[in-house]
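Asks: Need the 3D shape of this:
(3 chains)
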Amino acid sequence: MRYEAPESLEGAVALLAGATGEARVLAGGTDLLVQIRADIVDPELIVDIKKIAETRAVTEEKGGWRIGAAVTGAELKEHARLKQAWPGVVEAANLIGSTQVQGRATLGGNLCNGSPAADSVPALIAAGAVATLAGPQGKRDLPVEDVMLGPRTLALRKGEIVVSFLLPPRPPRSSDAYLRFIPRTEMDIAVVGAGVSVTIGGAGTITAARVSLGAVAARVLLVPEAAQAIVGSRLDAAAQQRLEAAARAACQPIDDKRGTTEFRIDVAGVLTRRAAMIALDRASAN
Amino acid sequence: MAETMTNGPSQTYVGTRTIRPDGVDKVTGRARFGADFNLPGQLIGRVLRSPHAHARIISIDTSRAEALPGVKAVITQDDFADQPSEFIPAGEMLMNYKDVVRNVMAREKALYEGHAVAAVAATSVAIARRALKLIDVKYEVLPHVIDVVEAMRPDAPILHDDLFTAGVEPKPEKPSNIAKRVEIVLGDIEAGFRKADVIVEREFKTAPVHQGYIEPHAALASVSEDGSTELWCSTQGHFIVRAHCARLLGLDIGKVRVTATEIGGGFGGKTVVYLEPLAIALSRKAKRPVKMVMSREEVFKASGPTSGATVRVKMGATKGGKFVAGFAELKYQAGAFQGSPVQPGVMCAYAPYDIENVKVIGYDVVSNRPKVAAYRAPGAPISEFAVESVVDEIAKKLDIDPIDLRMQNASREGTKAAYGPKLGPIGMEETLNAIKKTEHWNAPLRKWQGRGVASGFWFNIGGETSASLTVNEDGTVSLMAGTPDIGGLRASLAMVAADELGVPYDKVRPIIGDTGSLGFNFLTGGSRSAFSGSMAIVEAAKQIKTELCARACKLWDLKPDQVEFAGGQVKALGAAAEKFKPMSVADFAKVAGKTGGPIGGYGRINAQGAGPSLGTHLVDLEVDPETGRVTILRYTVAQDAGRAIHPSYVEGQFQGGAVQGIGWALNEEYIYGADGKLQNAGFLDYRMPVASDVPMIDAILVEVANPKHPYGVRGVGETPIVPPLGAIANAMEAATGIRFTELPMSPPKVLKALKERGLNKA
Amino acid sequence: MAKHHIETTVNGDEVEFLCETEETLLDVLRDTLHLTGSKEGCASGDCGACSVMLDGRLVCSCLVLGCEVGGRRVETIEGMAKGEKLHPLQQRFLEHAALQCGICTPGFLVASKALLERTPDPTEHEIRYWLAGNLCRCTGYDKIVSAVMDAAATMRKG
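Replies: Residues are numbered from 1 along each chain as shown, chains lettered A, B, ... in the order given. Predicted structure coming up:
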């Protein structure tokens, strides 16, 4: 098994594009190392991207935020202004695993591991985040909801890596929230994940919303119907019911050791409603 | 709290919270656990395990593995002689060597996913892993069965062609997965039910759960050319390991020297052998030391989780609240070989209560999952969960306070237990009273919060114990015990020795001796190590005190009745007291050589008189009705310790057992696929409680002295896991109005039950 | 495949070692550097028994490759006491009987130290959630939490 730690994007792309056997990108390693130890994957080449400056920076860009793909959850948590603008994204990244795992885990790795239960992905999708990819043919942008196509299936071409995420500029009176259901209080993989981002107008009415659900389908879902259910409302009881129904309708979950189909559908509705209420509270306070 | 019996010498240390003498090494990382031992030139051993839940082994070809450079030995069943059928005690269960040798290395069949079929020793981990892939095993996959009720059906796949149900008449002719039927009977159960004004009958189901020790099994073996074997392993019983390995490998017991390393948790799961005979066999073949450590996945798949079970309970009571009949039928999984803890489960089911008419039947049933090993009060949490749930229902039906109902029927001194003996003094009532007096019992609750109470019984054991005390030339005392210290034993024994001999606690240095240094010691289990160990230390100290008095008599030219040992000194009595200055242990140590030689005592006993420990637990929890998630809000344990040698470590047993029970009740379970493979063989999906899952666990130490122990000590380690299952189920009923009879009470199950009743709204 | 030659700092000491790509930092600490205080409980980042500090950040050493730590700063349990002087956390763990078998204790101590360096006055809630990645099967966590709170108070007094 070869290990390379290139210091430039071009170097990383060249290594990945030129790999003859199985190659894997190493960011935090919190998924990759576990999979190697469990014999799920046996890469011939590991490309550590943490020495590439673009993957490690958090910068303001055109009113929005650019977050490097290899910035850790713990680092995001310590970034006061990012946390203030996007509390949902930051809290989602800090629900992954444990304090120890958050010390290493990254948004890029969480997305590219290709699990529909990834905690940070619904929050990124709800935020309208766009992933910047670098590959042999140059750079391109993809909305995060278009990156993970299914379990362990990404839209990346050979040699492409996720470099960073751009969170769009935030209109005033906007905020977001991420909730997940796990049977314990920490440590579990999300049985359901719900990310909601809202913007409210003068009267406290929701003028824009995005809703994303994780762990309830083969990919993380952007649910436009759920957003439509609450736009123009102040999340009164009727709007909440519409929201729950839309969330439940979007689910196509599986029965597995973490939850039954029925359970996931029910809880998806509940969590979406609760996440929306928190996002609304936060937006009202802004 | 009840009275404390203070027998014997001054109690400077017993009952106080000393710092454990082995503590500094543990907080600095210096302490060496099983995987921390290494020998120069050692090889790494790895095990090839069956991927099938049930399969005939047609052939094993190890030639390609043996040819791989770096592989120094490969073993299979051919390296172990077959064993005749013979039952021996291990912890609180019986094992059969014919089964032991097959569990250690499969012979005719692989009987569970993870069953060992071959092992290699190689110069590196990477080579060992590659070698396993080069071993060709031909299997004939057979239908499998895991669930206990399924395994009992007449058309179930049969695991053993030579297993016929024992304990039934007439003797069966067809083999069965039902290894044994047992029962206990007291009085006349039918007559009892006829007297009842209220009868409650319920069926319960529990899933297999694992002891969950954080340290995987580890062993390091080194065999010499003459067959002398040294073994370091993480174990609860190194003398038992020695016995098993000697037997399985055809070695003289005296030629096998086992050192118990520090052990990172056991809870009963490390009272048997897995890697140890394999490491020895590999080392013998390779002529080099062999180190073997299980991965976490192997621990889950190939060690010994406890039984999953189906339990039916039927109880009758008068409208005044007197229990008049207690019936139960227990069906316990044994795993691949017979030997579930159904017998202790049967014995303990109704033991907290004085009931005239009791009948409990138990079935020991094999199925295609790992062989059960002991788990903290083996068998009792399951049966007592069922009974405590039904007791709660009776309390509700009769509108009697659940503590009062238990109090009214509590076993006490003189009660004839359904499993046989007349009970000595026990603390059932005292623990109930202690709970009733707490602020917790009366604290207010909100909607969707519920409070539950349950009691629990475990008998505890004594057993063979050898321990020594040696007085060194400078007056310090070396203490050697032979039961591995799983959490505070060395401190407790050192405190007893310090009090017995009147020496300062920090002058007593305790160690756990290897098998070459002491006589036989039964293992650490059955809540026996402090109970029996302290008795052996008292005996050893007695020998020293007698010896020192004899030496004083010689020195002072007095008769034995003119001297006594008191307060850490030999004193002359009466008129002679003025003539001779008292001599301490340290004083005698200085002149030991001149007054008869080295000073020491050796306690070799078969400790009898272990007293049951009763406990009552109180729990508050909250249910999220929209998701079925349960939060434990508050938890109080009251348990009878007899006499707490070290209160902090006794409290620690209460708290640790309670949290294991919380995990068992709410989230822990073995999840098998339709293919018989374990789906959650890791800490991610086998969900043990983490720190944020539980509150502080309030511990109330009750002390009803055990008259058969010089200090009144009772074992305490196991009882704490018995009440939580019932207490939590009872609290769930209080919070939701729903009686949950299946464990774990995980969110999907809870939400489903709430939904069915239209209750899943805030 | 040639091994990696890594130079790094462990507990303030400069060390160098060779390792294969797939060897984790935990493997290197235990098997190559003979620092066996960090334990392997699961090798999948779910139990925290292997906790170390990497450049001042609390991590699971089973989730870091040996070849990633070149030029970095590693701190393990072995570096926690200063000579004969135990860290207040170590002392309080002993006094509170916050360990029974002790296998999880190094991980808890490293993790607790990381917490108190960031949050000198944590609430019980904060302690429990910070330490959620450290499994203990013996103690039920009660005395561990008490020990951490007591150590925090001691350290605040300076």
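Asks: Would you map the strands across the chain?
Replies: Just going to use chain A. With strands called from DSSP state E, chain A shows them at A:2-4, A:23-26, A:45-48, A:58-61, A:64-68, A:130-135, A:138-143, A:148-150, A:153-154, A:161-167, A:174-181, A:192-200, A:206-214, A:221-222.
Asks: The intended chain is chain C.
Replies: Assigned by DSSP E, chain C shows strands spanning C:4-10, C:13-19, C:51-54, C:57-60, C:73-75.
Asks: So the second one, near chain B or not?
Replies: No - interface with chain B: strand C:13-19 contributes nothing (CB under 8 Å from any CB of the partner chain), its closest point being 12.1 Å away. C-beta coordinates here come from the backbone N, C-alpha and C atoms, glycine included.
Asks: for chain B, what's the longest helix?
Replies: The longest helix of chain B (DSSP state H) is helix B:529-556.
Asks: who are the neighbours in contact with the residue of the stretch 451-600 of chain B found nearest chain A?
Replies: In the stretch 451-600 of chain B, no residue comes nearer to chain A than B:Gly452, which is 19.5 Å away by CB to the nearest CB. When contacts are counted by CB atoms under 8 Å, 6 or more residues apart in numbering or on different chains, B:Gly452 touches B:392, B:618-619, B:621, B:726-734.
Asks: Report pLDDT for it.
Replies: B:Gly452 carries a pLDDT score of 98 in this model.
Asks: bridging residues for it?
Replies: B:Val619 (DSSP bridges).
Asks: on that earlier part again, what helices or strands is the longest helix of chain B leaning on?
Replies: Applying 3 or more CB pairs under 8 Å, 6 or more residues apart in numbering or on different chains; DSSP states H and E, one finds that helix B:529-556 contacts strand B:463-471, strand B:477-481, helix B:489-501, strand B:563-566, strand B:569-572, helix B:585-590, strand B:599-607.
Asks: And for the residue lying closest to B:Ala550 once chain neighbours are set aside, the neighbour number?
Replies: Leaving out its chain neighbours, the residue that sits closest to B:Ala550 by CB to CB, 6 or more residues apart in numbering or on different chains is B:Pro560, at 7.3 Å. Per other CB atoms under 10 Å in any protein chain shown, the neighbour tally for B:Pro560 reads 11.
Asks: B:Pro560 is in contact with B:Leu548, isn't it?
Replies: No - between B:Pro560 and B:Leu548 there is no contact under CB atoms under 8 Å: 11.8 Å.
Asks: Just give the number of residues close to the closest residue to B:His217 other than its chain neighbours.
Replies: In this structure, B:His217 finds its nearest non-sequential neighbour in B:Met294, 4.5 Å apart by CB to CB, 6+ apart. A total of 23 residues lie near B:Met294 under the criterion other CB under 10 Å.
Asks: Then B:Lys171?
Replies: Neighbour tally, B:Lys171, other CB under 10 Å: 8.
Asks: swap in B:Pro598?
Replies: By other CB under 10 Å, 11 other residues sit near B:Pro598.
Asks: Show me the residue at the heart of chain C, geometrically.
Replies: Geometric centre of chain C, nearest residue: C:Val110, 3.2 Å, by CA atoms, centre = their mean.
Asks: dump the residue contacts of it.
Replies: Neighbour list for C:Val110: C:51-53, C:58, C:75-77, C:80 [criterion: CB under 8 Å, 6+ apart].
Asks: quick revisit: would you reformat the strands of chain C as a markdown table and include distance to A:Pro6, mean neighbour count and mean pLDDT?
Replies: Listed next are the strands of chain C as a markdown table, based on distance: least, CB to CB, whole Å; neighbours: other CB atoms under 10 Å in any protein chain shown; pLDDT from 0 to 100:
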| stretch | distance to A:Pro6 | mean neighbour count | mean pLDDT |
| --- | --- | --- | --- |
| strand C:4-10 | 15 | 17 | 98 |
| strand C:13-19 | 20 | 14 | 98 |
| strand C:51-54 | 21 | 27 | 98 |
| strand C:57-60 | 22 | 28 | 98 |
| strand C:73-75 | 23 | 20 | 98 |
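Asks: could the contacts of B:Gly452 be laid out in CSV, adding neighbour count and pLDDT?
Replies: Formatted as CSV, the contacts of B:Gly452 follow (neighbours: other CB atoms under 10 Å in any protein chain shown; pLDDT from 0 to 100):
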residue, neighbour count, pLDDT
B:Asp392, 25, 98
B:Leu618, 26, 98
B:Val619, 32, 98
B:Leu621, 26, 98
B:Gly726, 28, 98
B:Ala727, 32, 98
B:Ile728, 29, 98
B:Ala729, 26, 98
B:Asn730, 29, 98
B:Ala731, 31, 98
B:Met732, 25, 98
B:Glu733, 18, 98
B:Ala734, 20, 98
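Asks: quick one: which of the residues you listed is nearest chain C?
Replies: Nearest member of the contacts of B:Gly452 to chain C, counting by CB to the nearest CB, is B:Val619, at 12.9 Å.
Asks: picking that back up, just so I know, which of the strands of chain C lies nearest B:Gly656?
Replies: Judged by CB to CB, the one of those that comes nearest to B:Gly656 is strand C:51-54, at 20.6 Å.
Asks: wait, isn't B:Glu150 in contact with B:His144?
Replies: No - the criterion here is CB under 8 Å, and B:Glu150 misses it with B:His144 at 9.9 Å.
Asks: More neighbours: those two, which one.
Replies: Set B:Glu150 next to B:His144 and count neighbours by other CB under 10 Å: B:His144 wins out with 25 against 15.
Asks: In three-state terms, label the more buried one for me.
Replies: Classification of B:His144 using DSSP: H, G, I helix; E, B strand; the rest coil returns coil.
Asks: Now for the closest residue to chain C within the stretch 201-350 of chain B, how many residues are close by?
Replies: Going by CB to the nearest CB, chain C is nearest to B:Gly264 of the stretch 201-350 of chain B, at 2.8 Å. Neighbour count for B:Gly264, taken as other CB under 10 Å: 30.
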